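[1] The following comprises the amino acid sequence and a computationally predicted model.
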Protein chains: 2
Amino acid sequence: MGRWEPDARGRLARVALELYAERGFEQTTVEDIAERAGVTERTFFRHFADKREVLFDGSGALQQGLVDAIAGAPDGLSPIDVVGRAFAAAGSMLEDRRDHARRRSAVIAANPALQERELLKMAGLAAAATTALRARGVPDPAAGLAAQAGVAVFSVGFEAWVTGTSSDTLAATIEASLAQLRAVTAGAAP
Amino acid sequence: MGRWEPDARGRLARVALELYAERGFEQTTVEDIAERAGVTERTFFRHFADKREVLFDGSGALQQGLVDAIAGAPDGLSPIDVVGRAFAAAGSMLEDRRDHARRRSAVIAANPALQERELLKMAGLAAAATTALRARGVPDPAAGLAAQAGVAVFSVGFEAWVTGTSSDTLAATIEASLAQLRAVTAGAAP
DNA sequence: CAGGTGATGTCAGTTGCTGTCATCACCAAC
DNA sequence: GTTGGTGATGACAGCAACTGACATCACCTG
């Protein structure tokens, strides 16, 4: 066995979510988290840039999955379909962790500072999707608009999936959200 | 004349933008701002909730303009048209301050913490637009999707307006962005 | 077994932000 | 004109987030 318990990072992330859920984000100090995880405050900041980032450790993998799905999408799809399907595909990595997603979402919904960070991550997804669409030949500003529309579709779908009680998959919920967006934007300007 | 120079709030906002532009956001302390504005640090925090908020003092007025424009839109328009036109109308209050908008945007673009706050304001606009659309009878989830799509249209249009050198109005740029979104989402899912 | 490496601990320091109380011009009522 | 209330500010103490610098020590590598 090592000098310290292994996976300090994982312990910190789990403990942080626990404490944020128990007492609230602002009522939890980094020292609280570090103590319960059995490390020092300094070690927390070696693993996570700040007190919020600890809830968003998986966002890099989600972004990578999104980019891969856009790059690997079949030809002939419209940009919005590419992005919509890519979000549905990338979201599959959350599919079997709805309980965790629920707890995490509740914590984020309860605190504006955490919402800010989530929005920044979503903007990161949109930026990555824009680049991936351009690589497929989608011109500006269509690439950026399709990417942002995709984020909107994902957000609305994810919210419904995590809030709802039905057993619909996240992917199906996102596809439904995409269909709704198509309907909403279909009307021609008079 | 009063005991203190009037409009401490306005001075703080102007000085903050100045200093953020000169030295960068992180290299500027609140004490720097307060000192140049001729007040104490404590007074800064009486006017603004935190160091970032000082750049977003006008967002409340923009949101009010947006809500009013949605409420006052003519009947018979599709939701996305209502929102698109409302953003174009609300944006008119920025029309004659493009220089200021440019400086401010450059500062925000240079710092992720400021981008987070801007994204939170945009999310606030989307939430307000969603409520205003529901009041017009637009059902869920169409209201939320149209609102978020409207924010995407506004963001892309504003970015083009503030970055570009042409003399196109912000309203026209937003309308063009809306047309682009319509084109992007038009393709039917195969 | 000597030396390098990586993860952690320790500690001092800056800064954002808050609570509390004092101050003082201004204004209204008497 | 004096009195008392009000609103904006100053002064000050204190907490918590975050950072930089240096020490420690198990582990690996040659």
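    Everything's here; your move.
[2] Next one: the residue nearest to the spatial centre of chain A relative to DNA strand D, how far apart?
    The centroid of chain A falls nearest to A:S59 when counting by Cα atoms, centre = their mean (5.5 Å). Noted for A:S59: a distance of 17 Å to DNA strand D, by Cβ to the nearest atom of the strand, to the nearest Å. The way it works is simple: take the backbone N, C-alpha and C, and place the C-beta from them, glycine included.
[3] doesn't A:L120 make contact with that residue?
    No - the criterion here is Cβ atoms under 8 Å, and A:S59 misses it with A:L120 at 9.4 Å.
[4] Report the secondary structure state of A:E175.
    Classification of A:E175 using DSSP: H, G, I helix; E, B strand; the rest coil returns helix.
[5] Next up, the contacts around it.
    A:G84, A:R85, A:A88, A:G157 (Cβ atoms under 8 Å, 6 or more residues apart in numbering or on different chains).
[6] which ones are touching the second one?
    Under the criterion of Cβ under 8 Å, 6+ apart, the contact partners of A:R85 comprise A:A69, A:A73, A:L77, A:E175.
[7] name the element it belongs to?
    Element membership for A:R85, per DSSP states H and E: helix A:79-90.
[8] Check which element follows that helix along the chain.
    Next along from helix A:79-90, by DSSP H and E: helix A:98-109.
[9] picking that back up, who touches both of A:S59 and A:L120?
    In contact with both A:S59 and A:L120: no residue, using Cβ under 8 Å, 6+ apart.
[10] Point out the residues in chain A that sit beside DNA strand C.
    Counting by Cβ under 7 Å from any atom of the strand, the residues of chain A close to DNA strand C are A:R3, A:W4, A:A8, A:R9, A:G38, A:V39, A:T40, A:R42, A:T43, A:R46, A:H47.
[11] mind showing which ranges of chain A have poor pLDDT?
    A:1-2, A:187-190 (pLDDT under 70).
[12] all helices in it, in order from the N-terminus.
    Listed in chain order, the helices of chain A (DSSP state H) span A:8-23, A:30-37, A:41-47, A:59-71, A:79-90, A:98-109, A:112-135, A:142-163, A:170-186.
[13] how about those, which one is nearest B:S167?
    Between B:S167 and those, the shortest gap by Cβ to Cβ is with helix A:142-163, which sits at 22.6 Å.
[14] Could you find the closest non-adjacent residue to A:S59?
    A:K121 (4.6 Å; Cβ to Cβ, 6 or more residues apart in numbering or on different chains).
[15] Next one: the one you found from DNA strand C, what distance?
    From A:K121 to DNA strand C the distance is 20 Å (Cβ to the nearest atom of the strand).
[16] That residue touches A:F56, doesn't it?
    Yes - using Cβ under 8 Å, A:K121 is in contact with A:F56, at 5.6 Å.
[17] so A:A128 touches A:D68, yeah?
    No - using Cβ under 8 Å, A:A128 is not in contact with A:D68; the gap is 10.5 Å.
[18] neighbour count winner among those two?
    A:A128 (17 against 14; other Cβ atoms under 10 Å in any protein chain shown).
[19] Now do the contacts for the more buried one.
    Contact partners of A:A128, counting by Cβ under 8 Å, 6+ apart, are A:Q63, A:L66, A:V67.
[20] just those now: which is nearest A:A149?
    Of all these, A:A149 sits closest to A:L66, with 14.0 Å by Cβ to Cβ.
[21] which residues does the residue lying closest to A:A183 once chain neighbours are set aside contact?
    Among residues not flanking A:A183 along the chain, B:A142 sits closest, at 7.1 Å (Cβ to Cβ, 6+ apart). Residues near B:A142 by Cβ under 8 Å, 6+ apart: A:Q180, A:A183, A:V184, B:P79, B:L133.
[22] in terms of contact, does the third one touch B:A147 like I think?
    Read that as A:V184. No - under the criterion of Cβ under 8 Å, A:V184 is not in contact with B:A147, lying 9.8 Å apart.
[23] Test my guess that A:Q63 contacts A:A126.
    No - taking contacts as Cβ under 8 Å, A:Q63 lies outside contact range of A:A126: 10.1 Å.
[24] what's the farthest-apart pair in the contacts of A:E175?
    Using Cβ to Cβ, those span at most 12.2 Å, a distance reached by A:R85 and A:G157.
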